[in-house]
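Student: no FASTA, just this:
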């Protein structure tokens, strides 16, 4: 009976990890979560230190397809390619890594009052489905030319405009293009095939994996702030701390006041330090966090 139970719970989750541009950030996220990878000689089938996974490196576009087919249970991919391929996946976690915008861009000589002219034109893009939906929604008459990278070099000789992804817009600007519309925003996200979540054993492994990653992402958004404060100023300081729940408060030696600790949003730190000092706080220490598990 015990052997039967063990075989039922020994789930293996087929994980797809990205190759290429988003690989470095994903592997760093895993490392920060304490998940180590050991690569085989060819470097395509790493072994995770976290049990319950069989991993494989694939291009992000292929990850979307394999997840949609069900040959992979779990994988990292850009939201833009999930939308482009109309894949039926379950989004588990937005890592916020590699944020990009899918935009429409053209040279200023092509645009009329910031819009394409009221005539047929040519668009170069890797995102054919997203572009067709955008054309239909805007009522434009255009022919799509499929690009395979370096889309920004098509105008003006080989296309009138492009639909492409951009992080800063610098490459588009360097090629004489201006952004005049936005189709969507994307980032690296963790997706699952629905059937993997319907299996209790695999779902348990996946949920633990998500918990570990989310703990790192939460920690990256916060720092541990420690401050000493006199008893008379304690409540004035505590009331402005943006804590997760309640701060940790401990008495100082010789009843010299209190030590207050709280995990606060990193973005609030500059204003928060000023406010704490104004309310009597002193000896402020800020410490980096590795993980936050609720």
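Tutor: Great, that's in hand. A quick note: this is a predicted structure, and the numbers were derived from the prediction, not measured. Numbering: from 1, shown residues only.

Student: hang on, residue 16 in a strand?
Tutor: Yes. Residue 16 forms part of a strand when assessed by DSSP: H, G, I helix; E, B strand; the rest coil.

Student: roughly how far apart are it and residue 281?
Tutor: 48 Å (Cβ to Cβ, to the nearest Å). From N, CA and C alone the C-beta is placed, and that goes for glycine too.

Student: what does residue 110 give?
Tutor: For residue 110 relative to residue 281 (Cβ to Cβ), the value is 57 Å.

Student: One more: residue 36?
Tutor: Relative to residue 281, and taking Cβ to Cβ, residue 36 is found at 40 Å.

Student: Who has more neighbours out of those two?
Tutor: residue 281 (25 against 12; other Cβ atoms under 10 Å).

Student: Not counting sequence-adjacent ones, nearest residue to that one?
Tutor: Counting by Cβ to Cβ, 6 or more residues apart in numbering, residue 281 lies nearest to residue 227, which is 4.3 Å off, once chain neighbours are set aside.

Student: Pop out the phi and psi values for the one you found.
Tutor: When read as degrees, to the nearest 10, the backbone of residue 227 gives phi -150, psi 140.

Student: Verify the contact between it and residue 280 for me.
Tutor: No. The criterion here is Cβ atoms under 8 Å, and residue 227 misses it with residue 280 at 9.5 Å.

Student: Just want to know which of those two has more residues nearby.
Tutor: Per other Cβ under 10 Å, whichever of residue 227 and residue 280 has more neighbours is residue 227, with 25 against 16.

Student: Can you classify residue 284 by secondary structure?
Tutor: At residue 284 the chain is in strand, as set by three-state DSSP.

Student: Tell me how far it lies from residue 226.
Tutor: 7 Å.

Student: all strands for the stretch 101-250 of the chain, in order.
Tutor: Taking DSSP state E, counting those that start in this stretch as the criterion, the stretch 101-250 of the chain contains strands spanning 121-125, 142-146, 161-166, 178-192, 222-229, 248-251.

Student: Tell me which of the ones you listed sits most buried.
Tutor: Across the strands of the stretch 101-250 of the chain, the average number of neighbours (mean count of other Cβ atoms under 10 Å) peaks for strand 161-166, which reaches a mean of 23.

Student: tell me what that one is packed against?
Tutor: strand 90-106, strand 121-125, helix 128-138, strand 178-192 (3 or more Cβ pairs under 8 Å, 6 or more residues apart in numbering; DSSP states H and E).

Student: Report how many residues lie close to the nearest residue to residue 226 once chain neighbours are set aside.
Tutor: Once flanking residues are discounted, residue 226 sits nearest to residue 285: 4.3 Å by Cβ to Cβ, 6+ apart. By the measure other Cβ under 10 Å, the count of residues near residue 285 is 12.

Student: just checking, residue 285 touches residue 225?
Tutor: Yes. Counting by Cβ under 8 Å, residue 225 is a contact partner of residue 285 at 7.5 Å.

Student: Can you give me the pLDDT of the residue nearest to residue 226?
Tutor: On pLDDT, residue 285 comes in at 97.

Student: OK, contacts around it?
Tutor: 225-227 (Cβ atoms under 8 Å, 6 or more residues apart in numbering).

Student: And the host helix or strand of residue 269, how far out from the chain middle?
Tutor: Using DSSP states H and E, residue 269 falls within helix 269-278. Centre-to-centre, helix 269-278 and its host chain are 30 Å apart (Cα atoms, centre = their mean, to the nearest Å).

Student: who's in contact with residue 250?
Tutor: 258-259, 261 are the contacts of residue 250 under Cβ under 8 Å, 6+ apart.

Student: With secondary structure, distance to residue 172 and neighbour count added, can I get those residues in CSV?
Tutor: Formatted as CSV, the contacts of residue 250 follow (DSSP: H, G, I helix; E, B strand; the rest coil; distance: Cβ to Cβ, whole Å; neighbours: other Cβ atoms under 10 Å):
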residue, secondary structure, distance to residue 172, neighbour count
258, strand, 54, 19
259, strand, 51, 18
261, strand, 46, 17
